[in-house]
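Asker: Please find the sequence and the predicted model below.
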Amino acid sequence: MKKIYFMIVLSLAIVGCDMSECGSVQSSEVTFLIDISDPRLFEEASNDIKDNLPGFMSNLGLASMEECHQLTVSIAPLSARDELRISTETIGVNQKGLSRKQVKEMSSPRPIIQMISKSLDEYEGLKDLKDYNSGSSIGNQILKAMMKMKASGQSTVVIISDLIINDGKFSMYKKIPSEIDTEVIESVFDPRLLEEFLDDYGYESAPSIMLVQLQAVEGHMKTRRGEIATFWKSLLEEGLEQDVTIMDNLSN
């Protein structure tokens, strides 16, 4: 009799465990690339995040979280250095049958907000260093960020920058190409990195791209804002077959 009672209790425990576990978890990812190549650009980008991040996440449908859903947010600086210096935080609700209070606690954005705030403080100390502000490398950082992200239900890379490339291989201060060809693509993206991206990720599974175009710092480049936007739209949509949205700030 005791044996039968024990088996019933054990069975109920197993059933209860199965009912509370999520069979699958819906994942969403957002990666922010922040331009720190000029102190004035960084200040504008930083203020945009502080003022408009909640509304931006709401527009993406990520302001609140339901059961069996997780959100990963990453942030990295864009600078003269061709490196992905990335920080990441994940929150999620991986169980079913929880109370509203439990879901609210588990989905609190506090860890993400703290991570972003800490990262922005760190960038404040980097923006004045020559290694970081002597140019701007953007193309490879976009590829690296996309390759770092997992294939999930919703993945987005957000670049907050004046979008002016100025590195050892390509400079928009000299010329903004009106047509996208192989030479231009290989000037913006390292060919080996691009090949690795296409082999491992592919066009169809790549994250969507949002370009938040900050106003150029140099006066003579401010009048070329439209050319810069057109270049990136052509490069990403025609050259790399990636969907792209261009915005003035995170609020629109």
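Answerer: Thanks, I have it.
Asker: how about the helices of this protein, start to end?
Answerer: Here the chain has its helices, by DSSP state H, at 2-20, 39-59, 100-106, 110-124, 130-133, 139-148, 182-188, 191-200, 219-222, 225-234.
Asker: Select from those the stretch with the lowest mean pLDDT.
Answerer: Of all these, the minimum mean pLDDT falls on helix 2-20 (a mean of 42).
Asker: Relative to S161, which of the helices of the chain is closest?
Answerer: When the helices of the chain are compared by C-beta to C-beta, helix 39-59 sits nearest S161, at 6.8 Å. Quick note: C-beta positions are derived from backbone N, CA and C, even for glycine.
Asker: What is the burial count for R224?
Answerer: 17 (other C-beta atoms under 10 Å).
Asker: Now do stretch 78-89: distance from first to last residue.
Answerer: Counting by C-alpha to C-alpha, to the nearest Å, you get 19 Å between the two ends of stretch 78-89.
Asker: For it, report the contacting residues that lie outside it.
Answerer: Outside of stretch 78-89, the residues within contact range by C-beta atoms under 8 Å, 6 or more residues apart in numbering are 31, 33-37, 72-77, 111-112, 114-115, 118-119, 126-127, 131-138, 140-141, 144-145, 148, 159, 161, 167.
Asker: and S155, how many neighbours does it have?
Answerer: By other C-beta under 10 Å, neighbour count at S155 equals 19.
Asker: From K118, how far out is the closest residue to it other than its chain neighbours?
Answerer: Spatially, and ignoring its direct neighbours in sequence, S155 is nearest to P207 (3.5 Å; C-beta to C-beta, 6 or more residues apart in numbering). Distance of P207 to K118, given as C-beta to C-beta, to the nearest Å: 24 Å.
Asker: Comparing the two, which residue is more hemmed in?
Answerer: Shown here are P207 and K118; by other C-beta under 10 Å, P207 has more neighbours (24 against 13).
Asker: Check what pLDDT that one gets.
Answerer: Predicted confidence (pLDDT) for P207: 82.
Asker: so who does it touch?
Answerer: E29, T31, M146, M149, S155, T156, V157.
Asker: again, only this time at 6 Å
Answerer: Residues near P207 by C-beta atoms under 6 Å, 6 or more residues apart in numbering: M146, M149, S155, T156, V157.
Asker: Those in strands, which ones?
Answerer: S155, T156, V157 (DSSP state E).
Asker: and of those, the nearest to F42?
Answerer: V157 (18.6 Å).
Asker: what are the bridge partners for the closest one, then?
Answerer: Judged by DSSP bridges, the bridge partners of V157 are T31, I209.
Asker: what number of residues lie near it?
Answerer: Neighbour tally, V157, other C-beta under 10 Å: 25.
Asker: My understanding was that it contacts A145; is that so?
Answerer: Yes - if you go by C-beta atoms under 6 Å, V157 and A145 touch, sitting 5.2 Å apart.
Asker: Overlap of the contact sets of these two?
Answerer: T31.
Asker: I176: neighbour count?
Answerer: The number of residues near I176, taken as other C-beta under 10 Å, comes to 15.
Asker: Kindly reformat the helices of the chain as TSV containing distance to D243.
Answerer: Below are these laid out as TSV (distance: least, C-beta to C-beta, whole Å):
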stretch	distance to D243
helix 2-20	38
helix 39-59	16
helix 100-106	32
helix 110-124	25
helix 130-133	30
helix 139-148	12
helix 182-188	17
helix 191-200	16
helix 219-222	26
helix 225-234	10
